[in-house]
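*Asks:* mind looking at a prediction? Sequence and model below.
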Amino acid sequence: MSELFPAVWKQITSSPRHLKCYEQAVAALDTDTCAFLELRTDLGVSLAEPAVKEYGSLSGIPFAVKDNIAVKGFQFSCGSQILAGLRSPYTATAVERLLHAGAVPIGKTNLDEFGMGSSNQNSACKPTVNPWDLSRVPGGSSGGSAAAVSAGYVPFALGSDTGGSVRQPAAFCGIFGFKPTYGTVSRYGLAAYASSLETIGFMTAQAEQLIPIFEAASGADGRDQTSLDCSDTTDLTEGIQTVAVLAGDLGLDAPVLRGYSKAIEAFRSLGWNIVEVKLPSLDYAVPSYYTIASAEASANLARYTGVRYGSRSREEHDHQHMVRRTRDEGFGKEVKLRILLGTYVLREGFQDQYYVQAQKIRTLIRNEFSKLFTKAGVLLLPTFPIQAFPIGDGGLTSMQQKLADRFTLPANLAGLPAVSFPTGIESGLPVGMQLMGPAMSDRSLIRLTAHVSRCFPEVALPRRFSPGEVTHG
């Protein structure tokens, strides 16, 4: 494990003095990037201590957790005012298993409210910025986790991926982002947004680091009926090695197009066959995804009433009025938009017209990918059509961000594993591509990503913090 994670990280968490200095240093540096919503290194160590004695494969390695994933004692805001002040009474299964492996959760990272966004500017708490350029977005919705890894605050972080929310910010921040096969990582403790689409994912600076993290966190869980064991019997490097690439004009900005071309050449240099494919269903991924996701969000977010937990409006004329005012004050614009859209498509008379049709398209997408993976081992495609965009008026509108998700959404609709990886720097910003593989090929997909990544120059991250500054300072 020391080969993947420098031993200096363990020195930090094993010494109270180093731990305090570490927390102070990260807190001071993060005033610009705003990756963290909460830093509690002492609480993280206390949670990890019992497990370290028994296991310890990730012993002493600190990590960050997106604030829509439960960690006992830490805040659990989901980036929303409606959950302001809430502290989690329990720990998510994925985090619990990482604790058993000895890893130490040191803080909660920022996100677009309830995971709804591609910029991390939709957080009700504060906006996070990109460590590469503080005038640009880090991506979303797991932008806080991506920024924390890119800035060197932690060696790895947890995020959630509902439509690309791990992979897109990873691409923007020059790191690796892995979305597992649906069900291989328990969703127990992940605040529900769109339950049939989302999964907990992982972000690291090196592809090889993803394997021990995934192995520690994955597996069936009796508290999540959608979870399953990942046998991972598929070896993507066996037999005829063929990679599928998308044919035609993909509408990519020039830097991303250059990155795509470099990735194709990298596979060719490794002896892989390149086959161009057209995926007609890709044109319908965006409307299908947002119909299904909004419908599930409408149902899942109905639980936030201000009665049992979270904030409550002070206007309490009667119960119905209190709930209405609590939601109006607590939810942001993007969340309200998706709830209204979801409620609309689930109405009697509209459900068959919209929601059922979207599910049929989802089945079509699944079948199309199943057919594709009988001809090719993996699919190589861009993560996002542009690099990290500017904050504010110079960036993308909310609608433009949704339309640009077309390369990441299919993996969620089909429940397939996908990894975003950096291919280099263009115009001072990272470019990210992604590999998608068949279901249950998670470990093999990570190993292949690591192998291909060696064809590219190592991306020198804009590390604002180095653990050696604490242990040797």
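*Replies:* Structure's in. What do you need? Quantities reported herein were computed from a predicted structural model and do not represent experimental measurements.

*Asks:* find the residue at the geometric middle of this structure.
*Replies:* By Cα atoms, centre = their mean, the chain has its centre lying nearest to V166, at 2.2 Å.

*Asks:* which helix runs longest in this protein?
*Replies:* helix 16-33 (DSSP state H).

*Asks:* can you tell me the helix or strand for the nearest residue to the residue nearest to the centre of the chain once chain neighbours are set aside?
*Replies:* Distances taken as Cβ to Cβ, 6 or more residues apart in numbering place G201 nearest to V166, at 3.5 Å, with adjacent residues excluded. C-beta here means a position set from N, CA and C on the backbone, and glycine is covered the same way. Here G201 sits within strand 199-204, counting by DSSP states H and E.

*Asks:* as a quick check, tell me the outermost residue of the chain.
*Replies:* H317 (40.5 Å).

*Asks:* for the chain, which spans come out with low pLDDT?
*Replies:* 1-2, 51-56, 232-233, 473 (pLDDT under 70).

*Asks:* ok, the residue nearest to the centre of the chain to E3 distance?
*Replies:* For V166, the distance to E3 equals 24 Å [Cβ to Cβ, to the nearest Å].

*Asks:* with A376 instead?
*Replies:* Distance of A376 to E3, computed by Cβ to Cβ: 32 Å.

*Asks:* could you do V275 as well?
*Replies:* For V275, the distance to E3 - Cβ to Cβ - is 35 Å.

*Asks:* so these two - more neighbours on which side?
*Replies:* Counting neighbours by other Cβ atoms under 10 Å for V275 and for E3 shows that V275 has the greater number, 13 against 8.

*Asks:* am I right that the more buried one is in a strand?
*Replies:* Yes: assessed with DSSP: H, G, I helix; E, B strand; the rest coil, V275 lies in a strand.

*Asks:* wait, what's in contact with it?
*Replies:* The contact partners of V275, by Cβ atoms under 8 Å, 6 or more residues apart in numbering, come to T242, V243, A244, V245, K375, A376.

*Asks:* can you say which of those are buried?
*Replies:* Among those, those buried by neighbour count (16 or more other Cβ atoms under 10 Å) are V243, A244, V245, A376.

*Asks:* next, the nearest residue to F465 once chain neighbours are set aside: phi, psi?
*Replies:* Excluding the flanking residues, the one nearest F465 by Cβ to Cβ, 6+ apart is G152, at 4.7 Å. Listed backbone geometry of G152 is phi 80, psi 10, with angles given as degrees, to the nearest 10.

*Asks:* max pairwise distance over the contacts of V275: which two?
*Replies:* The most widely separated members of the contacts of V275, counting by Cβ to Cβ, are V245 and K375 (12.4 Å).

*Asks:* give me the common contacts of the two.
*Replies:* V275, V277.

*Asks:* quick one, strands of this structure?
*Replies:* 36-39, 62-66, 104-109, 156-161, 176-179, 199-204, 242-246, 273-277, 378-382, 418-426, 429-436 (DSSP state E).

*Asks:* mind putting the ones you listed in JSON lines, distance to R464 included?
*Replies:* JSON lines is the format used below for the strands of the chain (distance: least, Cβ to Cβ, whole Å):
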{"stretch": "strand 36-39", "distance to R464": "12"}
{"stretch": "strand 62-66", "distance to R464": "14"}
{"stretch": "strand 104-109", "distance to R464": "15"}
{"stretch": "strand 156-161", "distance to R464": "15"}
{"stretch": "strand 176-179", "distance to R464": "19"}
{"stretch": "strand 199-204", "distance to R464": "16"}
{"stretch": "strand 242-246", "distance to R464": "36"}
{"stretch": "strand 273-277", "distance to R464": "39"}
{"stretch": "strand 378-382", "distance to R464": "28"}
{"stretch": "strand 418-426", "distance to R464": "17"}
{"stretch": "strand 429-436", "distance to R464": "16"}
